[in-house]
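Chemist: Below: sequence and its predicted model.
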Amino acid sequence: MVHESIWIIGLLILLALAFDFMNGFHDAANSIATIVSTGVLRPNQAVAFAAFFNLFALLLFPLSVAATIGKGIIDPGIVDSHVIFGALVGSIFWNVVTWLYGIPSSSSHALIGGLIGACLPKAGLSALVWPGIFKAMIFIFVSPLLGFFLGSIIMVVVAHLFKNRPLATTDKLFRNLQLVSSGIYSIGHGGNDSQKTIGIIWLILISGGYVSSTSTSPGYWVILACYFAIALGTLFGGWRIVRTMGGRLTKLKPVGGFCAETGGAITLFIASGFGIPVSTTHTITGAIIGVGSTQHISGVRWGLAQNILWAWVITIPAAATVSCIGYYISGLLF
């Protein structure tokens, strides 16, 4: 295999790490919105807390999600620098747009849309790996529904167990327990989302001829760089989305925050175990709505929830469209 120019490979890796940083920045709300809105931690404390557990996740998860992104969305054999460039431009563009408008959209599906959009002008529909794409698209609906049901079920169980306890005692207990649930959710976030960038850099190295297509890992330096990049992005936090997730969608108390984070964390651990790249945004949104709906159906701002749902639906085609344009621009630049 002919090696791509080292400076092009380096540029694409830096662009991938920029996406990873933006992923953490954009999705910081998923990890900290509930713990900030309930007043358990101040915002600066919350992002540092979440960033630490994003990084801690590298000790726990195999590279199942990275393998899905690297080999399970498009045929690795057709990937070149133009495809990667287009995919990253499309996904970063969508993350920036949704951050500017405070919309909690999916970085994961923006990346999947970017890969699809950049693949089509290069090799057409035949280069798409449909089983992997269908699995990822199905979980657009499965992950928020699972988060919804787990969050609501946990909330009902907790409410039943603590119904006769003094409110002040219960609140104090769950303020402490929410530190545990938020940490676990941040581990799930880091374990699933950082691996998407690991998968992209894996593709970059394979397409450049620096790693074999049969390799089981892109190298430990790639894993460390991606986990550090997403943790750094989380540390800076995307406050516009935090406000949407933490207060505008529904009002949460510490017990509700604990239930939402626990339901979301279980969903992420299940998905990562099966190598499915899911959206942490979809997952925690479903869990928050599930908890809010158990308290009172009007406790959820359903109009806002509907707008968020529409953003989810258009994420893949929007990112794909921009990535297709990015593919052609790359041909002019390189």
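Modeler: Received, thanks. Values in this document were obtained by computation on a predicted structure and should not be read as measured data.
Chemist: Chain neighbours aside, what residue packs nearest to Ile198?
Modeler: If the residues on either side of it in the chain are set aside, Ile198 comes closest to Ala66, at 4.0 Å by C-beta to C-beta, 6 or more residues apart in numbering. Backbone N, C-alpha and C define where each C-beta goes, glycine included.
Chemist: Toward the C-terminus from the helix or strand hosting the one you found, list the very next helix or strand.
Modeler: Mapping Ala66 onto the secondary structure by DSSP states H and E places it in helix 64-71. Beyond helix 64-71 in the direction of the C-terminus, DSSP H and E gives the next helix or strand as helix 81-100.
Chemist: which secondary element of the chain has the worst mean pLDDT?
Modeler: The helix or strand of the chain with the lowest confidence, counting by mean pLDDT, DSSP states H and E, is helix 239-243 at a mean of 55.
Chemist: where in the chain is pLDDT low?
Modeler: Scanning the chain for pLDDT under 70 picks out 1-4, 29-30, 238-251, 296-308.
Chemist: Run through the neighbouring helices and strands of the longest helix anywhere in it.
Modeler: As far as residue count goes, and with DSSP state H defining each element, the longest helix of the chain is helix 167-207. The contact analysis (3 or more C-beta pairs under 8 Å, 6 or more residues apart in numbering; DSSP states H and E) places helix 167-207 against helix 6-37, helix 43-56, helix 64-71, helix 81-100, helix 107-123, helix 220-236, helix 254-273, helix 280-295.
Chemist: about what we covered before: the helix holding Ala66 to helix 254-273, inter-axis angle?
Modeler: Orientation note: helix 64-71 sits at an angle of 50 degrees relative to helix 254-273 (axes from the mean of the first three to the mean of the last three C-alpha atoms, to 10 degrees).
Chemist: what comes up buried for helix 64-71?
Modeler: Within helix 64-71, the residues that count as buried by 16 or more other C-beta atoms under 10 Å are 64-71.
Chemist: just the angle between the longest helix of the chain and helix 220-236, please?
Modeler: What separates the directions of helix 167-207 and helix 220-236 is an angle of 140 degrees, with the same axes, to 10 degrees.
Chemist: what angle sits between helix 167-207 and helix 81-100?
Modeler: Angular relation of helix 167-207 and helix 81-100 on a 0 to 180 degree scale: 160 degrees, by the same axes, to 10 degrees.
Chemist: rewinding a little: would you format the buried residues of helix 64-71 as CSV with distance to His26 included?
Modeler: Below are those laid out as CSV (distance: C-beta to C-beta, whole Å):
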residue, distance to His26
Ser64, 23
Val65, 18
Ala66, 19
Ala67, 24
Thr68, 21
Ile69, 17
Gly70, 21
Lys71, 25
